[in-house]
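Participant: Kindly return the folded structure for what I paste below:
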Amino acid sequence: MSALEDLSISTYEHVGCLNVKNEYHRIFQQQLSNDSQESSSYQIFSSSIMDVELCFRLCRRWTILIYDKSRCICLYTISEHHEYAKLGDWTLNCTNRYSVYTLGINKSITIRTKFNPLSKISASIYQPFSAYDWSLDGCYYFSEIQSVRVDLKFDTDYEQGLQMCMRKCLIRSGKSGYFFLSRRKNCYCSTSFNDVKIHSSSTTALRKSIKQCSFLTPICFVFKNTMTTSCQQYSDGMSFDTLAKINYKMYCFNNAFGYSRVLHQCIQLISFSSFYRNYKQLCSTTNTFRLDFEQQWTYLLTYYLPVIMDKRIGGKSAIWIDRRSKYAYELLTQREKEKYNYLNEDQCLILYPTFDSWYIKIVPCIYYYAYYGLCQTAAIESNLNLMKEFTSEPQ
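Facilitator: Residues are numbered from 1 along each chain as shown. All right, here's what the predicted structure looks like:
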């Protein structure tokens with residue numbers, strides 16, 4: 001692959017804007033020396049000719065942050081939607097001038113889930129991994145990769161190798177960590193890198209363009225110009241020691257719950273063997289799903305409406321939701337709002353699926369037709385020091 005092809009960026013999307021907290025705004029606005037400032041967790045470039053494509057080339061990240069069309073901010077400890085929210089609040093008002101962009105074209109404009117190409121794989125992985133979240137942390141070349149022990153060699157395709165590698169590294173590393181997957185079809189767990197002190201001065205790690213890791217099909221599909229273009233052309237000129245670094249975290253204690261990237265919550269869809277069920281007994285150890293925001297409503301439309309429509313039995317396919325759901329209440333008609341009383345614990349809310357939406361209905365809280373229920377619990381924060389370096393004194 002030529003240097004020009006390696007760095008070319010043709011598909012990207014404006015994800016949204018951030019109302020950045022004052023403490024981070026001050027850091028991002030510090031006087032830059034030699035037009036750049038960097039640390040191990042972030043790097044800032046400033047230029048009068050800064051644009052989105054140039055920022056992607058400089059950062060070599062799946063997502064970037066741009067301020068006022070002149071300052072490019074590379075955030076190396078952040079890769080997921082909810083992690084960006086720690087910098088500030090997502091907003092539709094872009095006058096604050098902090099904009100987030102992501103590579104690729106997101107077909108789901110309202111959900112904004114496609115922050116990296118592994119979303120689809122990690123969402124469809126088999127049940128033992130349902131509580132884990134995967135995220136692409138970047139593409140690298142290690143000049144001394146031969147000194148690192150290979151934890152797993154595989155002959156299958158890369159997507160299967162990805163799952164095999166994670167399974168292997170989970171046993172060694174626990175509930176959170178990272179692993180590397182190379183074009184040579186070798187898997188390296190984080191513990192192997194620690195064993196040989198991979199971060200020592202004698203070892204050079206070069207961050208490469210994301211396109212250099214197009215041996216992974218989900219990454220290749222983002223850069224392909226047409227449906228007929230072969231992914232092989234992106235791999236032919238790459239070093240066999242090019243590696244994709246994958247982070248994995250367990251966000252849900254119970255594997256019965258699936259992790260939602262969009263909501264940063266653990267959610268379980270319960271299917272009842274009998275359609276008579278007491279609402280108060282629905283989620284005995286967790287919380288009933290609270291529909292409080294429009295984003296949650298869109299999430300239910302996108303992820304659960306198709307599932308319920310496929311599995312409905314005799315038309316009895318309603319879902320219990322939390323009776324205190326604020327956004328659900330706002331969707332009721334004025335007449336229904338006058339009928340519904342938050343303080344009356346005998347009144348509950350359920351969702352009935354229609355062809356393309358949900359119908360919210362007020363029902364008694366006991367002995368009502370509802371085949372499904374949604375339970376939720378808070379996600380585990382597995383990296384509490386994610387933003388630690390942002391609040392430290394400038395170097």
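
Participant: which secondary structure elements does the helix or strand hosting His82 contact?
Facilitator: For His82, the enclosing helix or strand under DSSP states H and E is helix 81-84. Helices and strands touching helix 81-84, as assessed by 3 or more Cβ pairs under 8 Å, 6 or more residues apart in numbering; DSSP states H and E, are absent. Every residue, glycine included, has its C-beta placed from N, CA and C.

Participant: hmm, 10 Å instead?
Facilitator: The helices and strands touching helix 81-84, judged by 3 or more Cβ pairs under 10 Å, 6 or more residues apart in numbering; DSSP states H and E, are strand 12-20, strand 63-67, strand 88-91, strand 98-103.

Participant: Listing partners with orientation, what would you give for the third one?
Facilitator: Spelled out, that is strand 88-91. strand 12-20 (antiparallel) (DSSP bridges).

Participant: And the partner strand, what's buried?
Facilitator: Buried positions in strand 12-20, judged by neighbour count with 16 or more other Cβ atoms under 10 Å: Tyr12, Glu13, Val15, Gly16, Cys17, Leu18, Val20.

Participant: I'd like the helices and strands packed on helix 81-84 as CSV, with mean pLDDT and distance to Tyr140 appended.
Facilitator: Formatted as CSV, the helices and strands packed on helix 81-84 follow (pLDDT from 0 to 100; distance: least, Cβ to Cβ, whole Å):
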stretch, mean pLDDT, distance to Tyr140
strand 12-20, 86, 21
strand 63-67, 92, 17
strand 88-91, 82, 29
strand 98-103, 89, 17
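
Participant: For Ser135, find the nearest of the ones you listed.
Facilitator: strand 63-67 (10.2 Å; Cβ to Cβ).

Participant: For whichever helix or strand comes after that closest one, list the C-alpha coordinates in PDB.
Facilitator: Sequence-wise, the next helix or strand downstream of strand 63-67 (DSSP H and E) is strand 71-75. Listed in PDB are the C-alpha atoms of strand 71-75, where the atom choice follows Å, rounded to 0.1, in the frame of the first residue of the first chain:
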ATOM      1  CA  ARG A  71      -7.400  22.500  16.800                       C
ATOM      2  CA  CYS A  72      -7.200  18.700  16.500                       C
ATOM      3  CA  ILE A  73      -7.400  16.700  19.700                       C
ATOM      4  CA  CYS A  74      -6.400  13.100  19.700                       C
ATOM      5  CA  LEU A  75      -7.700  11.200  22.800                       C
END
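
Participant: which strands and helices sit next to strand 71-75?
Facilitator: Counting contacts by 3+ Cβ pairs under 10 Å, 6+ apart, strand 71-75 packs against helix 22-28, strand 36-38, strand 42-46, helix 52-59, strand 63-67, strand 98-103.

Participant: Among the buried residues of strand 12-20, which one lies nearest to Glu330?
Facilitator: Gly16 (22.2 Å).

Participant: pLDDT averaged over stretch 171-185 - what is it?
Facilitator: For stretch 171-185, mean pLDDT is 85.

Participant: before we move on, what about stretch 294-310?
Facilitator: 80.

Participant: The stretch 251-395 of the chain: helices as residue ranges?
Facilitator: Secondary structure of the stretch 251-395 of the chain (DSSP state H, counting those that start in this stretch): helices at 294-299, 305-311, 326-331, 334-339.

Participant: For the ones you listed, could you give me a markdown table that also reports mean neighbour count and distance to Gln212?
Facilitator: Below are these laid out as a markdown table (neighbours: other Cβ atoms under 10 Å; distance: least, Cβ to Cβ, whole Å):
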| stretch | mean neighbour count | distance to Gln212 |
| --- | --- | --- |
| helix 294-299 | 17 | 33 |
| helix 305-311 | 14 | 36 |
| helix 326-331 | 16 | 43 |
| helix 334-339 | 10 | 56 |
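
Participant: so which of the ones you listed comes closest to Asn255?
Facilitator: Of all the helices of the stretch 251-395 of the chain, helix 305-311 sits nearest to Asn255, with 18.3 Å by Cβ to Cβ.

Participant: which helices and strands sit right next to the closest one?
Facilitator: Counting contacts by 3+ Cβ pairs under 10 Å, 6+ apart, helix 305-311 is packed against strand 265-271, strand 347-353, strand 372-378.

Participant: Kindly recompute the last result at 7 Å.
Facilitator: strand 347-353 (3 or more Cβ pairs under 7 Å, 6 or more residues apart in numbering; DSSP states H and E).

Participant: Can you give the distance from the strand it packs on to the centre of its chain?
Facilitator: Offset of strand 347-353 from its chain centre (Cα atoms, centre = their mean, to the nearest Å): 29 Å.

Participant: same question for that strand, mean pLDDT?
Facilitator: On average, strand 347-353 scores 85.

Participant: any idea which strand is longest in this structure?
Facilitator: When the chain is parsed with DSSP state E, its longest strand is strand 132-142.

Participant: Contacts made by that one with the rest, please.
Facilitator: The contact list for strand 132-142, computed with Cβ atoms under 7 Å, 6 or more residues apart in numbering, reads 60-62, 79-80, 116-118, 121-122, 178, 203, 205-210, 212-213, 239, 241-251, 259, 261.

Participant: any low-confidence regions in the stretch 201-350 of the chain?
Facilitator: Counting by pLDDT under 70, the ranges of the stretch 201-350 of the chain that qualify are 201-204, 225-229, 234-235, 273-280, 311-316.

Participant: likewise the stretch 51-200 of the chain?
Facilitator: For the stretch 51-200 of the chain (pLDDT under 70), the answer is 105-115, 120-130, 193-200.

Participant: 80 - rerun?
Facilitator: For the stretch 51-200 of the chain, the stretches with pLDDT under 80 are 79-82, 85, 91-96, 104-133, 143-144, 171-175, 191-200.

Participant: circling back to that earlier point, please tabulate the helices and strands packed on strand 71-75 in JSON lines, including the columns mean neighbour count.
Facilitator: Formatted as JSON lines, the helices and strands packed on strand 71-75 follow (neighbours: other Cβ atoms under 10 Å):
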{"stretch": "helix 22-28", "mean neighbour count": "15"}
{"stretch": "strand 36-38", "mean neighbour count": "15"}
{"stretch": "strand 42-46", "mean neighbour count": "19"}
{"stretch": "helix 52-59", "mean neighbour count": "19"}
{"stretch": "strand 63-67", "mean neighbour count": "22"}
{"stretch": "strand 98-103", "mean neighbour count": "22"}
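
Participant: Cool, thanks, talk later.
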